[in-house]
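>>> this one's structure only:
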């Protein structure tokens, strides 16, 4: 195992650890439903819409973190022995992880506040922060090998989320579409990696 | 370390992370018993059956996740340099992890609702979802090397859990047997791997 | 990376994951102290002995899990390409992890019940279960290479904890000594590994 | 994979696991804000300063654990086949992890007690303990290769935190500066590693 592999291994291990925990904790924060047993044998659930909303937020956040993980995983393939892993790339990754660990908190804030505007701004801000630090991390790792096209690609995420934050103040439905479209887009079949 | 090993390593690392956390969180959600100290020096536990039920659900869920882990671990041995790891296999694995992270939630729902029908349907549905996405993942990884026999084997899980969901509505005892039998079956001694 | 390394890697990864989470969750379950601010500028802590007891239990459990981790780590060095990793070793490890995940729960039960006899029996039983499954795991991995001396060594743990459980019923102080001595013993300097 | 790599791998895996979990749990312990919806469409947040304080503590603790992780990661590069990993280094690392797992608890204690003196002493003590065991770990791993200069460097952390604890009793503002400066210092650009 050469030194670079070791650096990369632990860099990836911390990232995988934080993302795996954030994904699992999302489900822990789902409120456990309480069912009322009726004499007729039927069971009724109070607050169905509230539980469905919590569930929707869980799936959205889970998939969004998974997308960050898949992209991170593709990015670290490009860490070459020549470029190595710079100190600023490690710190940029730390900021990315900071935003990722805040996603369960923001998801919970959104569920607990019935998806009001402020809670959705907080949630979208975390996604903005994560995607902006991801774009920065990508530029630190790629250096000169980064083409203009892929550089612009990596700005799509932060720009979309910035638009979503502004849209929340004026036309919320646009923000909702922006939050839901990228995960769906990533599920489309593409080439191997 | 060749590129494939790296892909596989992180794919496995995220899966191991999510499964390890889900298994550990199951125990965290056990309700801490409170013992009443009697003057006679004897100690009494309130709600013994409730605690035993919670414990039973913990062991069942722990072993079920462990079985998924063992199978996943056997499956990833088959990722060959030729077939590689397709994009759809990674997303299928993400859906598998989504269902696995919901198992602690479903276990808790079941314990908190005294194993009523609705809570057991939710729990069984998570196992159905996990085993169905596992069967799909297996078909994506094996490609043509998958024999008809092993393809049918991987459908046993989802089919059994689907039957269990229907059985819960009419003959609950059949569902209980289906939930308990597969874990016991896996403990039987078999060949090395 | 040959197949055995992969098997060992994930076997170790799941174990490291579960143990790391169990160790970290121990601290999460510590009750946050609330300090009363007096006009005099002095700060007083209510329930000092209760917090100290919770802290003592945390350190004891943390060190006990760390000892299991160190031993597990030494044990897996002995997994040779010839012996491999048998199916029963994997399941035995799963049972070990089941007892390890129950240690935070048992620690919490002990703290919440003011170290009464029943809660200490539950705690000691988890340590008994973990050390018994560890002894079994060791015998599965070592096979014939296990000398009679090391086989007897691995029985020290479960036998001591079994004695502690019985001692709790009659002479609790003996049990307390048994719970504290092994961790101290492991801190003594020894040869490298 | 030679034996040393395996030892190092698991040593690093446990450390990465504990640090990743501690970092993620910091965010979980943030109190979810509740917004009051006014008829005017405006949203108001109660206890803004309390939430900001909690957030500040989160970022400080997250970055402090990240700094320990980066340093640990640089340190383990120096584990050479000749020196190996001594038993005392493993135990020293365990004590380091014990202090790291207590950082989320100490952060929470600080937030819940409105940053009073006692809670800040507890928080600073955990950082002191972690940096002191880190300095000890560094001396165990470097052996004779440790120059006098780098030995003194590794004492900067514990000495600063010891001064901060004393400062908290007399001139709290000095302690606040000491707690905030080291994280900022680490963000300055430096050479690759």
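Yep, that arrived. As the structure is a computational prediction, the values presented were derived from the model and not from experiment.
>>> so who does residue A:95 touch?
A:129, A:133 (Cβ atoms under 8 Å, 6 or more residues apart in numbering or on different chains). For glycine as for every other residue, the C-beta is placed from the backbone atoms N, C-alpha and C.
>>> can you do 6 Å?
residue A:133 (Cβ atoms under 6 Å, 6 or more residues apart in numbering or on different chains).
>>> tell me which element it falls in.
Assigned by DSSP states H and E, residue A:95 falls within helix A:87-112.
>>> ok, the helix or strand that that helix is followed by near chain D or not?
Next along the chain after helix A:87-112, taking DSSP H and E as the criterion, comes helix A:117-142. Yes: using Cβ under 6 Å from any Cβ of the partner chain, helix A:117-142 reaches chain D at residue A:118.
>>> what's the angle between the helix or strand just after helix A:117-142 and helix A:117-142?
Using DSSP H and E, the helix or strand that follows helix A:117-142 towards the C-terminus is helix A:148-170. Angle of helix A:148-170 versus helix A:117-142, following axes from the mean of the first three to the mean of the last three Cα atoms, to 10 degrees, is 170 degrees.
>>> what residues does chain A put near chain D?
Proximity of chain A to chain D is confined to A:1, A:10, A:13-14, A:17-18, A:21-22, A:25, A:84, A:86-88, A:91, A:94, A:98, A:101-102, A:105, A:108-109, A:112-113, A:116, A:118 under the rule Cβ under 6 Å from any Cβ.
>>> kindly supply the ChimeraX command isolating those of those residues that are buried.
One line in ChimeraX is enough to select the buried ones among the residues of chain A next to chain D; burial here means 16 or more other Cβ atoms under 10 Å in any protein chain shown:
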select /A:10,13,14,17,18,21,22,25,86,87,88,91,94,98,101,102,105,108,109,112,113,116,118
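>>> can you list the low-confidence ranges for chain A?
A:1-7, A:37-47, A:80-84, A:143-151, A:185-193 (pLDDT under 70).
>>> the same query, at a cut-off of 90, please.
Where chain A drops to pLDDT under 90, the residues are A:1-14, A:16, A:27-57, A:67, A:69-91, A:109-119, A:135-158, A:171-193.
>>> near chain C, which residues of it?
Checking chain A against chain C by Cβ under 6 Å from any Cβ, there are no hits.
>>> residue of chain A closest to chain D, please.
With Cβ to the nearest Cβ as the measure, residue A:17 is the residue of chain A nearest to chain D, at 3.0 Å.
>>> backbone dihedrals for that residue, please?
Torsion angles at residue A:17 (phi, psi; degrees, to the nearest 10) stand at phi -60, psi -50.
>>> give me the nearest residue to it, chain neighbours excluded.
Excluding the flanking residues, the one nearest residue A:17 by Cβ to Cβ, 6 or more residues apart in numbering or on different chains is residue D:20, at 3.0 Å.
>>> and the host helix or strand of the one you found, what does it pack against?
Taking DSSP H and E as the criterion, residue D:20 maps to helix D:3-28. The elements that helix D:3-28 packs onto, with contact taken as 3 or more Cβ pairs under 6 Å, 6 or more residues apart in numbering or on different chains; DSSP states H and E, are helix A:3-28, helix A:87-112, helix C:3-28, helix D:48-75, helix D:87-112.
>>> turn these into a markdown table, including distance to residue C:131.
Formatted as a markdown table, those follow (distance: least, Cβ to Cβ, whole Å):
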| stretch | distance to residue C:131 |
| --- | --- |
| helix A:3-28 | 28 |
| helix A:87-112 | 35 |
| helix C:3-28 | 14 |
| helix D:48-75 | 29 |
| helix D:87-112 | 18 |
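>>> indicate which one of the ones you listed is closest to residue D:127.
For the helices and strands packed on helix D:3-28, proximity to residue D:127 was assessed by Cβ to Cβ; helix D:48-75 is nearest, at 6.3 Å.
>>> for the closest one, name the packing helices and strands.
helix D:3-28, helix D:87-112.
>>> may I see the buried residues of that helix?
By 16+ other Cβ under 10 Å, the buried positions in helix D:48-75 come out as D:51, D:54-55, D:57-58, D:60-73, D:75.
>>> what of stretch A:162-175?
Those would be A:162, A:164, A:165, A:167, A:168, A:175, for stretch A:162-175 by 16+ other Cβ under 10 Å.
>>> quick check, nearest of the residues you listed to chain C?
Nearest to chain C among these, with distances taken as Cβ to the nearest Cβ, is residue A:165, at 32.3 Å.
>>> leaving out the residues flanking it, which one is nearest to the closest one?
residue A:124 (5.1 Å).
>>> tally of neighbours for that neighbour?
For residue A:124, the count of nearby residues is 24 (other Cβ atoms under 10 Å in any protein chain shown).
>>> before we move on, what about the one 3 residues further on?
The local packing of residue A:127 (other Cβ under 10 Å) involves 28 other residues.
>>> surely residue A:16 is in contact with residue B:15?
No: between residue A:16 and residue B:15 there is no contact under Cβ atoms under 6 Å: 9.6 Å.
>>> now residue A:66: how far from residue C:165?
Applying Cβ to Cβ, to the nearest Å, the value for residue A:66 to residue C:165 is 45 Å.
>>> do the same with residue A:130
Distance from residue A:130 to residue C:165, by Cβ to Cβ: 49 Å.
>>> got it, and residue A:57?
Per Cβ to Cβ, residue A:57 is found 46 Å from residue C:165.
>>> hang on, the earlier thing: which ones are touching the residue nearest to residue A:165?
A:161, A:164, A:165 are the contacts of residue A:124 under Cβ under 6 Å, 6+ apart.
>>> from those residues, pick the one nearest residue C:141.
If you rank these by distance to residue C:141 using Cβ to Cβ, residue A:161 comes first, at 50.0 Å.
>>> the residue nearest to residue A:17: what's it in contact with?
Taking Cβ under 6 Å, 6+ apart as the test, what residue D:20 contacts is A:14, A:17, A:18.
>>> now swap in residue A:174 and tell me
Contacts of residue A:174 (Cβ under 6 Å, 6+ apart): residue A:167.
>>> what strand or helix carries it?
According to DSSP H and E, residue A:174 maps onto helix A:172-187.
>>> and that helix with helix A:148-170, angle?
Using the same axes, to 10 degrees: helix A:172-187 against helix A:148-170 is 150 degrees.
>>> now find how far off-centre helix A:172-187 is within its chain.
13 Å (Cα atoms, centre = their mean, to the nearest Å).
>>> and the helices and strands packed on helix D:3-28: which comes nearest residue B:183?
Across the helices and strands packed on helix D:3-28, residue B:183 has its closest neighbour in helix C:3-28 (17.1 Å, Cβ to Cβ).
>>> could you check how far residue A:92 is from residue A:72?
Using Cβ to Cβ, residue A:92 is found at 12 Å from residue A:72.
>>> what does residue A:125 give?
Taking Cβ to Cβ as the measure, residue A:125 falls 20 Å from residue A:72.
>>> tell me the residue of chain A that sits nearest chain B?
residue A:20 (3.0 Å).
>>> hang on, the earlier thing: looking at the helices and strands packed on helix D:48-75, which is closest to residue C:183?
Across the helices and strands packed on helix D:48-75, closest to residue C:183 is helix D:87-112 (Cβ to Cβ), at 10.5 Å.
>>> tilt between the closest one and helix C:3-28?
Going by the same axes, to 10 degrees, helix D:87-112 is angled at 40 degrees with respect to helix C:3-28.
>>> now the angle from helix D:87-112 to helix C:48-76?
Inter-element angle recorded for helix D:87-112 and helix C:48-76: 140 degrees (by the same axes, to 10 degrees).
>>> then residue A:36 would be within a helix, right?
No: counting by DSSP: H, G, I helix; E, B strand; the rest coil, one finds residue A:36 to be strand, located in no helix.
>>> give me the beta-bridge partners of it?
residue A:44 (DSSP bridges).
>>> neighbours around it, how many?
Close neighbours of residue A:36, defined as other Cβ under 10 Å, add up to 11.
>>> contacts only, for residue A:26.
A:58, A:61, A:62, A:104.
>>> correction: residue A:69
residue A:19.
>>> what of residue A:13?
Contacts of residue A:13 (Cβ under 6 Å, 6+ apart): residue D:16.
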